[in-house]
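Trainee: The following comprises the amino acid sequence and a computationally predicted model.
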Amino acid sequence: MNLIISPVILYLLSAFLIALLWKEYEKLSGIACLSFSILSLISVILLGKYVFLNERIVYYVGGWEIPIGITLMVDALSYIFLFVLNFILPLICWFSLSYMEKYTKAGYFYVLFSLISAGLNGILISMDFFNIYVFLEISSIASYILVAFGLRTEELEASLKYTILGFIGSTIILIAIGLIFGKTGTLNIADFTYIAKNINEIQLWFIIGFFISGFALKTALFPFHFWLPDAHSLAPSPVSAILSGLFIKVTGFYLLLRIITNIFTMFPESKIIILGLGLISMIFGSLMALDQTDIKRTYAYSSISQIGYCALALGIGGYYGYLGAILHFIFHSFSKSLLFLNSGAIEYRYKTTKIDELKGLQDKMPYTTMTASSGMLSISGVPPFGCFWSKIIIIISAIKAHYFGIAFICVVVSIITLGYFLKLQRNIFYSKDEFKTINEVNYNLLMPMIILSILISLSGLIFLPNLKIYIDKAVNVMENFKYAQIMEK
């Protein structure tokens, strides 16, 4: 099996085998899904050796080269996303082994988990617009069903809203792909970028406009965010962790990043649009998170705010802007996955995530409290936790680009973020409760949170020369790579 496609094959094989053999055996289906997740992580780690020894790996499926066949590609940038995705997925799956016991037919959850994972991996390795769309739909349709997995009325309503808006976003993206095929007769990204220099500029603006709108909806940037608060807060917590920590980053932000920096490089003005959307999302999400009465809904609005930081950094551009965007993706993915798993542990023990119904968790769930604190401090930008480093770099990028007002707003939003997380900690974890019986969750729920918490606490190590060189290679892809270069070789 070629390593570049192995994560997709392994997760599709997982979905097939669980559906065929083990869907009625919930524990066995969970163990099988976790096993395939670990194998996928191992294959991605092995792939990294070849990616960083070479500029990039291009694989022609069936030996058919551009523009006839299906082309797959992994470079330093897509590898960073692949590694983060496939590192976090096994942890979420491990957490699910105990969490999903409260649901009937949990075997179907692992089928859908495998499908959404296969789709997200497929997006990251595809170098063809139509294949990106196919994998986007595989992951999206699985996510629509997963949001409604509990079958409660509010979950079904959230899933319906999410499905409708998701299909609108997918349709907008499909229109852009149709326009590309109509104008060029190709769907291969490298082939398109090579031909695009001969296409009318207005027509290209229409295409990039559709792409930005569709991917901004998938990313949940303001004003395309309407689906996210309900979907993320009402879904089962492992699903919320996937959606917030991984899904919106891959199906939206990663593709926006590629569109802006590697495909439509002839339109640097498009960065201003992304910068504006990011700035508004950053402010709006933080203000909305201030007055929420549910833990998961607070985290959901926080996701809108934090993805705004990523978009803002992408819009600013330059070395520090791109570095900040990549680092914020990494650290926020770990931090927000941790927080949604943390809320799942609380819900597993107390059957609620309502803030008013929870008190004194520091005494009852000390390890859960510790991991929650690291996740909240990270996203708030408190040193030495993860997002502190990315936010500092984003602020530096804004100052170097003479966006002094934006740099100030970034600091203010971080203070607001710290404010609503401190409020959450005071009300839930550090409040007094007369009942102090320790009700910590079990090993399967606790260990994934502890692993993520440790990584967040040690995130500053990424600046060690031996590690930062890999991040710099990803930044170099954003600064200098154009898909047309593959056609020119």
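Mentor: Nice, I can see it.
Trainee: Sketch out the helices for the stretch 201-350 of the chain, chain order is fine.
Mentor: 201-219, 228-234, 237-242, 248, 255-258, 270-289, 295-316, 318-350 (DSSP state H, counting those that start in this stretch).
Trainee: Can you verify Arg426 is assigned to a strand?
Mentor: No - with DSSP: H, G, I helix; E, B strand; the rest coil as the criterion, Arg426 is helix rather than part of a strand.
Trainee: Is it correct that Pro238 is in contact with Leu97?
Mentor: No - the criterion here is CB atoms under 8 Å, and Pro238 misses it with Leu97 at 9.8 Å. For every residue, glycine as well, the C-beta is placed using N, CA and C.
Trainee: Compare the two (neighbour count), which wins?
Mentor: Pro238 (26 against 23; other CB atoms under 10 Å).
Trainee: Which residue, neighbours along the chain excluded, lies closest to the more buried one?
Mentor: Spatially, and ignoring its direct neighbours in sequence, Pro238 is nearest to Ser96 (4.5 Å; CB to CB, 6 or more residues apart in numbering).
Trainee: And that neighbour, which helix or strand is it part of?
Mentor: helix 76-99 (DSSP states H and E).
Trainee: same for that helix, what does it pack against?
Mentor: helix 26-53, helix 106-125, helix 237-242, helix 318-350, helix 443-457, helix 465-480 (3 or more CB pairs under 8 Å, 6 or more residues apart in numbering; DSSP states H and E).
Trainee: Which among those helices is found nearest to Leu221?
Mentor: Closest to Leu221 of these is helix 318-350 (CB to CB; 13.5 Å).
Trainee: Which is the succeeding secondary structure element to the closest one?
Mentor: helix 361-364.
Trainee: mind exporting the helix or strand just after that following helix as PDB, just the C-alpha atoms?
Mentor: As assigned by DSSP H and E, the chain's next helix or strand after helix 361-364 is helix 366-380. As requested, the backbone C-alpha atoms of helix 366-380 are provided in PDB (Å, rounded to 0.1, in the frame of the first residue of the first chain):
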ATOM      1  CA  PRO A 366      -9.400  17.000  40.100                       C
ATOM      2  CA  TYR A 367      -7.700  15.600  37.000                       C
ATOM      3  CA  THR A 368     -10.600  16.700  34.700                       C
ATOM      4  CA  THR A 369     -10.200  20.200  36.400                       C
ATOM      5  CA  MET A 370      -6.500  20.200  35.700                       C
ATOM      6  CA  THR A 371      -6.900  19.300  32.000                       C
ATOM      7  CA  ALA A 372      -9.700  21.900  31.600                       C
ATOM      8  CA  SER A 373      -7.500  24.600  33.000                       C
ATOM      9  CA  SER A 374      -4.600  23.900  30.600                       C
ATOM     10  CA  GLY A 375      -7.000  24.000  27.600                       C
ATOM     11  CA  MET A 376      -8.600  27.200  28.700                       C
ATOM     12  CA  LEU A 377      -5.300  28.900  29.600                       C
ATOM     13  CA  SER A 378      -3.900  27.900  26.200                       C
ATOM     14  CA  ILE A 379      -6.800  29.300  24.200                       C
ATOM     15  CA  SER A 380      -6.700  32.400  26.300                       C
END
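Trainee: Next, find the distance separating the nearest residue to Ile88 once chain neighbours are set aside from Pro238.
Mentor: Nearest residue to Ile88 in three dimensions, chain neighbours excluded: Ser337, at 5.2 Å (CB to CB, 6+ apart). In this view, Ser337 and Pro238 are 9 Å apart by CB to CB, to the nearest Å.
Trainee: shared neighbours of the two, which are they?
Mentor: Ile92 (CB atoms under 8 Å, 6 or more residues apart in numbering).
Trainee: Provide a list of residues in contact with the residue nearest to Ile88.
Mentor: 88, 91-92, 241-242, 244-246, 452.
Trainee: pLDDT score assigned to it?
Mentor: Per-residue confidence at Ser337 stands at 95 (pLDDT).
Trainee: ditto for the one 10 residues further on
Mentor: As summarised for this prediction, Glu347 has a pLDDT of 90.
Trainee: Repeat that for Met478.
Mentor: 91.
Trainee: That one against Thr261, yeah?
Mentor: Yes - using CB under 8 Å, Met478 is in contact with Thr261, at 4.4 Å.
Trainee: related to what we said a few turns ago, would you mind saying which of the helices and strands packed on helix 76-99 lies nearest Ile180?
Mentor: helix 106-125 (16.9 Å).
Trainee: helices or strands next to the closest one in the packing?
Mentor: Right, helix 106-125 is packed against helix 6-17, helix 26-53, strand 71-75, helix 76-99, helix 129-147, helix 237-242 by 3+ CB pairs under 8 Å, 6+ apart.
Trainee: ranking the ones you listed by burial, who's on top?
Mentor: Of the helices and strands packed on helix 106-125, the one with the most neighbours on average (mean count of other CB atoms under 10 Å) is helix 237-242, at a mean of 29.
Trainee: what sits up against that helix?
Mentor: Taking CB under 8 Å, 6+ apart as the rule, helix 237-242 contacts 88-89, 92-93, 95-96, 99-100, 113, 116, 143, 146-147, 149, 232-233, 296, 299-300, 336-337, 340-341, 343-345, 347.
Trainee: ok so, going back, list residues touching both of Met478 and Thr261?
Mentor: Contacts common to Met478 and Thr261, judged by CB under 8 Å, 6+ apart, are Tyr322.
Trainee: Find the residue closest to His232 in space, skipping its chain neighbours.
Mentor: Ala300 (3.9 Å).
Trainee: OK, contacts around the one you found?
Mentor: If you count contacts by CB under 8 Å, 6+ apart, then Ala300 has 228-229, 231-233, 240, 244 around it.
Trainee: at 7 Å instead, please
Mentor: 228-229, 232-233 (CB atoms under 7 Å, 6 or more residues apart in numbering).
Trainee: Switch these over to TSV; also include distance to Ile164, pLDDT and neighbour count.
Mentor: Output for those, formatted as TSV (distance: CB to CB, whole Å; pLDDT from 0 to 100; neighbours: other CB atoms under 10 Å):
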residue	distance to Ile164	pLDDT	neighbour count
Leu228	14	88	26
Pro229	15	88	25
His232	16	85	31
Ser233	18	86	23
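Trainee: how far does stretch 404-419 sit from the chain's center?
Mentor: 22 Å (CA atoms, centre = their mean, to the nearest Å).
Trainee: which parts of that stretch are buried?
Mentor: 406-407, 409-410, 413-414, 416-418 (16 or more other CB atoms under 10 Å).
Trainee: Now it - C-alpha only, CSV.
Mentor: Extracted C-alpha coordinates of stretch 404-419, given in CSV (Å, rounded to 0.1, in the frame of the first residue of the first chain):
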residue,chain,number,x,y,z
PHE,A,404,-1.5,48.4,14.7
GLY,A,405,-5.2,48.6,15.4
ILE,A,406,-5.6,44.9,14.5
ALA,A,407,-2.7,44.0,16.8
PHE,A,408,-4.5,45.9,19.6
ILE,A,409,-7.8,44.1,18.9
CYS,A,410,-6.0,40.7,19.0
VAL,A,411,-4.8,41.6,22.6
VAL,A,412,-8.3,42.7,23.6
VAL,A,413,-10.0,39.6,22.3
SER,A,414,-7.5,37.5,24.2
ILE,A,415,-8.3,39.3,27.4
ILE,A,416,-12.0,38.8,26.7
THR,A,417,-11.3,35.1,26.1
LEU,A,418,-9.5,34.8,29.4
GLY,A,419,-12.4,36.6,31.0
